[in-house]
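Trainee: Here is a sequence together with a model predicted from it:
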Amino acid sequence: MKIHRMESTQILPIPVDEAWGFFSHPKNLDDMTPPGLGFQTISGDDEKMFAGQIIVHKIKIVPPIWTNWVTEIKEVEEGHYFIDEQRSGPYRFWHHLHRFEACEQGTLALDRVHYALPFFPFGEVGLPLIQKQLDQIFSFRKEYLEKKFGSA
């Protein structure tokens, strides 16, 4: 298994507590994900985030193939960071750190994802496609958040 890393940062012109209030509600994830993925949360988004929370999503791999993506909120430090990990789904391994830090312009939001593709070493052939898809997902998220909160 080979672990890959992807990182994205964005400055939000809002205080950390407001950013945390938005991101700590899993129901907001659907709106921050490109519609083309068909991403839908099926269960687990009905309460504020907590360690041990299981969230089940449905996602389109490629038309017409859909899969469930089960994630667990592994760790939460209120107002600072949380970590979600895949329990089952499209990746062999998925670990996603979301961190929020106060900065002069508001809040620095950091996403750091470590992931591995299935079927190593054969799955590595799809790496450029997966990297492009992740870039598109986080670009969409940045645009969504700029529309919602403005840009710093």
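Mentor: Received the coordinates, thanks.

Trainee: residue contacts, Leu37?
Mentor: 59-60, 137 (CB atoms under 8 Å, 6 or more residues apart in numbering). Any C-beta I mention is one placed from the backbone N, CA and C, and that applies to glycine too.

Trainee: Report pLDDT for it.
Mentor: Leu37 carries a pLDDT value of 88.

Trainee: wait, doesn't Phe82 sit right on Glu75?
Mentor: Yes - judged on CB atoms under 8 Å, Phe82 makes contact with Glu75 at a distance of 6.5 Å.

Trainee: neighbour count winner among these two?
Mentor: Phe82 (23 against 13; other CB atoms under 10 Å).

Trainee: check contacts around that one.
Mentor: 23-24, 49, 73, 75-76, 97-98.

Trainee: Name the nearest residue to it, sequence neighbours excluded.
Mentor: Val76 (4.5 Å; CB to CB, 6 or more residues apart in numbering).
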